[in-house]
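In: For reference, the sequence and a predicted model appear below.
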Amino acid sequence: MLAVAALAAGALLTTGVAGASKTISSYPRAQTLYTSGTQYGPPSSWNPLQPCCYATGTLGLVYETLFLYDPLKDQFKPWLASSGSWTNADTYTIKLRPGIKWSDGKPLTADDVVYTLNLGKLKTVPYANIWNFISGVSKVNSTTVKVSFSTPNYQEWANWLYSWPILPEHLWQGRSEKTVVTGANPNPVGTGPYLYSTHDQQKQVWVRNPHWWATKALGLSVKPQYIVDVVNGSNNVMLGQVLQGNIDLSNNFLPGISSLVSGLGGYGLQTYFPQAPYMLPANTAWLVMNTTKAPMNDARFRRALAFAMDVPDVVKTDYGNIVSPASSSGLLPNWSKYDSASTLKQLGFSYNPAKAAAMLAAAGYKKGSDGYFKTPSGATIDLKLIVPNGWTDWMEAIQILATGAKAAGIKITPSYPDYNSLVAQRSAGKFDLLINNDKQLANTPWLYYDYIFHLPIQSQQTTVNYGRFSSSTAWALVQKLDKTPTTDVGGMKSVIAKLQKIQLSQMPIIPLWYNGAWAQYNNSVWTNWPCSASTCNHYLPVSWRGYWNMSSILMLTQLKPAPSK
């Protein structure tokens, strides 16, 4: 099967598109970094305010943020800003680096920062929520901006500082709200290390910016002259490209990669860890339960279901150990310092079908002649668990979970609607169970608790609290956490301990496993990739949207050409 995949990959990389200035394979190989893993269709937008859809690299390679955030060190790195500080309890002052220019030669100034923040007053801009707690933004001088807060939401603000790019006022002002939010922005002008070169149905191409400010200011230089991001094919096709050395960095989920890395040799493949789990964790896969429907409206049932989830078999059989079981809290490993050890010891869970069955029996659930539990009122329980059709790892995972739940006497039926249908069911609350991993690696666990407990419940839940769990106590704690300074680790731990007690006693959502930051590199052209060894750099090796500004951009400054053979 690999031979067929490799042939398909080779064909893809040497087939041009009519009218394209260059085919994928026509860039000087020793100067070109080939990536894949984000773009599932031809590039069509370069608007960084479209986080779902912009061409890979639009944010990070072209448009830049005030700070970078390194999740492995839990550190912010000044970037476009030379500094940022709370000058009093409700005022944050941003100082820009002097001398930064947009790629059209115009200077980056405080006016651009003020403009970008004020765009959030448009309700359709993705970061409009910041104006729920910002009261005003003003220019102090050409490199200084003062942000005033009505109620400082420290967690959200810290997240904004590295998540959203600064935009050039001189090119964006005067655009309609529709154009600002949904326009394609086909000629992106940024401050970053790369410039738009070309694109077609197969690829997006960036070329190095010879005037990037960080070369002079920070002594940094990105090594590839070109970055060619290849539109994803099937998993087998992308695996074949990596094996042939046509792709240098793949951020696809590639089944079977563990065996290729660990010894079926000759391919020069590498992952961040040399052994299981091979990948850094990127997000938590959660079992979302519709808590408005019986029996998921019963906390006793939800807790029993947690003990009926055979995550170890998913990790071993489905993923070949390239993922890890999640903590009972669901917090990613980089947030483990916030876990309440006493709460996890008291209320934590692991796969134990006998215990799950005993918990259900104690709660009044009774087994029928078919071996499955019925509700205390005698109603049949047959829960549909949905994941998107074509997401092969999750499709296999829910079959394993259904089998594990059967051992506990809980009937679960896997189902695979198309992605758009699943989203419609999820948003409207017309589902029983589903798996979701929307919230990614980030600077603050507040994002996870907002995801779990956010209120109020709307008729359409499009981004958070898909299970429609309602706890005013938990929501008040989430808001309190948001208002806790990110430097107050003790204060954060105190609030999170209370949230975890509610979470694990009420179990509105069940953490399953940590999905990996899929990253496979071929060393035939470029070397010195990030890895866990002490001799390696420890930046994120991920090109996904939103990850360049979480230290991945620094990976490009560390790459070295492979030694000549």
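Out: Great, that's in hand.
In: Confirm residue 286 sits in a helix?
Out: No - looking at residue 286 with DSSP: H, G, I helix; E, B strand; the rest coil, it is strand, so not inside a helix.
In: Leaving out sequence neighbours, find the closest residue to it.
Out: Nearest residue to residue 286 in three dimensions, chain neighbours excluded: residue 509, at 5.0 Å (CB to CB, 6 or more residues apart in numbering). Yep, even glycine has a C-beta here, placed from its N, CA and C like the rest.
In: residues in contact with the one you found?
Out: Applying CB atoms under 8 Å, 6 or more residues apart in numbering, we find residue 509 in contact with 286-289, 330, 452, 467, 469, 503.
In: got CSV for these, with neighbour count, distance to residue 342 and pLDDT too?
Out: Putting the contacts of residue 509 into CSV (neighbours: other CB atoms under 10 Å; distance: CB to CB, whole Å; pLDDT from 0 to 100) gives the following:
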residue, neighbour count, distance to residue 342, pLDDT
286, 25, 23, 98
287, 22, 24, 98
288, 26, 27, 98
289, 28, 25, 98
330, 25, 17, 98
452, 25, 20, 98
467, 28, 26, 98
469, 28, 23, 98
503, 25, 14, 98
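In: Distance to residue 134 added to those, as JSON lines?
Out: Listed next are these as JSON lines, based on distance: CB to CB, whole Å:
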{"residue": "286", "distance to residue 134": "30"}
{"residue": "287", "distance to residue 134": "36"}
{"residue": "288", "distance to residue 134": "31"}
{"residue": "289", "distance to residue 134": "35"}
{"residue": "330", "distance to residue 134": "30"}
{"residue": "452", "distance to residue 134": "25"}
{"residue": "467", "distance to residue 134": "30"}
{"residue": "469", "distance to residue 134": "29"}
{"residue": "503", "distance to residue 134": "29"}
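In: who does the residue nearest to residue 286 bridge with?
Out: For residue 509, the beta-bridge partners under DSSP bridges are residue 288.
In: one step back: out of the contacts of residue 509, which one sits closest to residue 74?
Out: residue 330 (18.2 Å; CB to CB).
In: So the closest one is in contact with residue 287, correct?
Out: No - if you go by CB atoms under 8 Å, residue 330 and residue 287 don't touch, sitting 10.3 Å apart.
In: what sits in contact with each of the two?
Out: Overlap of the contact sets of residue 330 and residue 287 (by CB under 8 Å, 6+ apart) consists of 509, 511.
In: Show me where the stretch 451-565 of the chain has its strands.
Out: 509-516, 520-522, 526-527, 560-561 (DSSP state E, counting those that start in this stretch).
In: so of the ones you listed, which one's packed in deepest?
Out: Ranked by mean neighbour count, these are led by strand 520-522 with a mean of 27 (mean count of other CB atoms under 10 Å).
In: what lines up beside that strand in the sheet?
Out: strand 249-250 (antiparallel), strand 269-270 (antiparallel).
In: which helices and strands does whichever helix or strand comes after the first one pack with?
Out: Following the chain from strand 249-250 toward its C-terminal end, the next helix or strand by DSSP states H and E is helix 257-262. Under the contact criterion of 3 or more CB pairs under 8 Å, 6 or more residues apart in numbering; DSSP states H and E, the helices and strands touching helix 257-262 comprise strand 269-270.
In: One more pass at 10 Å, please.
Out: The helices and strands touching helix 257-262, judged by 3 or more CB pairs under 10 Å, 6 or more residues apart in numbering; DSSP states H and E, are helix 235-244, strand 269-270, strand 520-522.
In: So for the longest one, what gets flagged as buried?
Out: Residues 235-244 are the ones in helix 235-244 that count as buried (16 or more other CB atoms under 10 Å).
In: Please parse the chain into its domains.
Out: Following the assignment in automatic domain parsing, the chain carries domains at 2-10+31-61+192-278+517-561, 67-177, 281-516.
In: Compare these and give me the one nearest residue 184.
Out: Nearest to residue 184 among the domains of the chain is domain 2-10+31-61+192-278+517-561 (4.9 Å), distances taken as CB to CB.
In: In this structure, where's the longest helix?
Out: Counting residues, the longest helix found in the chain (DSSP state H) is helix 489-506.
In: Would you mind listing the buried residues in that one?
Out: The neighbour-count check on helix 489-506 (16+ other CB under 10 Å) flags 492, 495-504, 506 as buried.
In: One more: stretch 221-235?
Out: Buried residues in stretch 221-235 (16+ other CB under 10 Å): 222-233, 235.
In: First-to-last residue distance for that stretch?
Out: Using CA to CA, to the nearest Å, the end-to-end distance of stretch 221-235 comes to 32 Å.
In: number of nearby residues for residue 416?
Out: Counted with other CB atoms under 10 Å, residues neighbouring residue 416 total 17.
In: For it, give me its contacts.
Out: Applying CB atoms under 10 Å, 6 or more residues apart in numbering, we find residue 416 in contact with 385-392, 394-395, 398, 422.
In: Let me see the backbone angles for the residue nearest to the spatial centre of the chain.
Out: Closest residue to the average C-alpha location of the chain: residue 440 at 3.2 Å, with CA atoms, centre = their mean. With angles defined as degrees, to the nearest 10, residue 440 sits at phi -100, psi 170.
In: And for it, nearest residue in space, chain neighbours not counted?
Out: Nearest residue to residue 440, sequence neighbours excluded (CB to CB, 6+ apart): residue 283, at 5.0 Å.
In: Point out where the protein drops to low pLDDT.
Out: Scanning the chain for pLDDT under 70 picks out the ranges 1-25, 263-267, 565.
In: follow-up on the earlier one: how big is the angle separating the longest helix of the chain from strand 509-516?
Out: 120 degrees (axes from the mean of the first three to the mean of the last three CA atoms, to 10 degrees).
In: Assign residue 140 to helix, strand or coil.
Out: Three-state assignment for residue 140 (three-state DSSP): strand.
In: residues contacting it?
Out: By CB under 10 Å, 6+ apart, the residues touching residue 140 are 93-95, 110, 146.
In: out of those residues, which is most surrounded?
Out: residue 94 (25 neighbours).
In: which other helices and strands contact the helix or strand containing it?
Out: Using DSSP H and E, residue 94 sits in strand 91-96. Judged by 3+ CB pairs under 10 Å, 6+ apart, strand 91-96 is in contact with strand 81-88, helix 110-119, strand 134-141, strand 144-149, helix 154-163.
In: The residue of the chain most remote from its centre and residue 409, how far apart?
Out: In the chain, the residue that sits farthest from the middle, by CA atoms, centre = their mean, is residue 369; the gap is 44.3 Å. Taking CB to CB, to the nearest Å as the measure, residue 369 and residue 409 are separated by 12 Å.
In: give the contact list for residue 177.
Out: Counting by CB under 10 Å, 6+ apart, residue 177 makes contact with 119, 122-125.
In: about what we covered before: got the angle between the longest helix of the chain and helix 154-163?
Out: On the basis of the same axes, to 10 degrees, helix 489-506 is oriented at 100 degrees to helix 154-163.
In: Going along the chain from whichever strand or helix holds residue 425, find the next helix or strand for me.
Out: Under the criterion of DSSP H and E, residue 425 resides in helix 419-428. Where DSSP H and E defines the elements, the next helix or strand beyond helix 419-428 is strand 433-436.
In: Perfect, I'm done here.
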